[in-house]
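Chemist: please work out how this folds:
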Amino acid sequence: MISPDYVLMMARYNAWQNKQLIAAFKALHPADLELDRGGFFGSIRKTASHLLWGDMMWMARFDGGAPPGGGIGESTEVVRTREDWALARFRMDARILRWAEELRTVDLTGALNWYSGAAGQDMTRPYALCVVHMFNHQTHHRGQIHAMLTATDVTAPVTDLALMPAEGPWL
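Modeler: Coordinates of the predicted model:
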């Protein structure tokens, strides 16, 4: 389904995208980050916080680290300021990159078992599918953030994967 090269490319894409969001968020007044813009989680900050929470949850399943507290309902409050988000996001992106750099083909085989609070049941899915889902979830919510940013006076980041720089730094 996927390869370690794909995972590394997506980890780099994720870090590149979030680096651009950090810059965009700095250009906004803090109140603009909190304004309910009609997104699924309301504001830009709440959506960014949920996205961070999701990455924390998936990475806990992938690398055995500690999962975040709370469920989806609390995910919008993992971070409450753009500064806290930027720091936590930087750390999470470094963790994802480290994990991706060490991933081997064999690591993408087999099944992943976990309890899903969203589904309210134990889950078993192919490991590779779960990895793809994590990156898809990131892109989905960054797309929502991108749409909300276009309603501000800040230029939304470039999101085309084909325009990602060939070389880092990714963070």
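Chemist: now the helices: where do they sit in this protein?
Modeler: 4-27, 30-34, 44-63, 82-102, 127-149 (DSSP state H).
Chemist: tell me which of these lies nearest to residue 70.
Modeler: helix 44-63 (7.7 Å; C-beta to C-beta). (Each C-beta comes from the backbone N, C-alpha and C, glycine too.)
Chemist: what sits closest to residue 141 if chain neighbours are left out?
Modeler: residue 51 (4.3 Å; C-beta to C-beta, 6 or more residues apart in numbering).
Chemist: who's in contact with the one you found?
Modeler: Residues near residue 51 by C-beta atoms under 8 Å, 6 or more residues apart in numbering: 137, 138, 141, 142, 145.
Chemist: and which of those residues is nearest to residue 33?
Modeler: Checking the contacts of residue 51 one by one against residue 33 (C-beta to C-beta), the nearest turns out to be residue 145, at 10.1 Å.
Chemist: tell me the pLDDT at that closest one?
Modeler: Residue 145 is assigned 98 on the pLDDT scale.
Chemist: now do residue 128 against residue 141, distance only.
Modeler: Between residue 128 and residue 141 the distance is 21 Å, computed by C-beta to C-beta, to the nearest Å.
Chemist: actually residue 89, not the one I typed
Modeler: 12 Å.
Chemist: of these two, who's got more company?
Modeler: residue 89 (25 against 20; other C-beta atoms under 10 Å).
Chemist: grab the nearest non-local neighbour of the more buried one.
Modeler: residue 18 (5.1 Å).
Chemist: swap in residue 33?
Modeler: Excluding its sequence neighbours, the residue lying closest to residue 33 (C-beta to C-beta, 6+ apart) is residue 45, at 4.2 Å.
Chemist: tell me how many other residues crowd the one you found.
Modeler: Neighbours of residue 45 (other C-beta under 10 Å): 25.
Chemist: ok, residue 156 - contacts?
Modeler: 24, 146, 149, 150.
Chemist: give me the residues contacting stretch 94-108.
Modeler: Contacts of stretch 94-108 (C-beta under 8 Å, 6+ apart): 1-4, 7-8, 10-12, 14-15, 55, 59, 62-63, 65, 127-128, 131, 170-171.
Chemist: again with stretch 135-151
Modeler: Contacts of stretch 135-151 (C-beta under 8 Å, 6+ apart): 10, 13-14, 17-18, 21, 24, 37, 39-41, 43-44, 47-48, 50-51, 54-55, 58, 155-157, 159.
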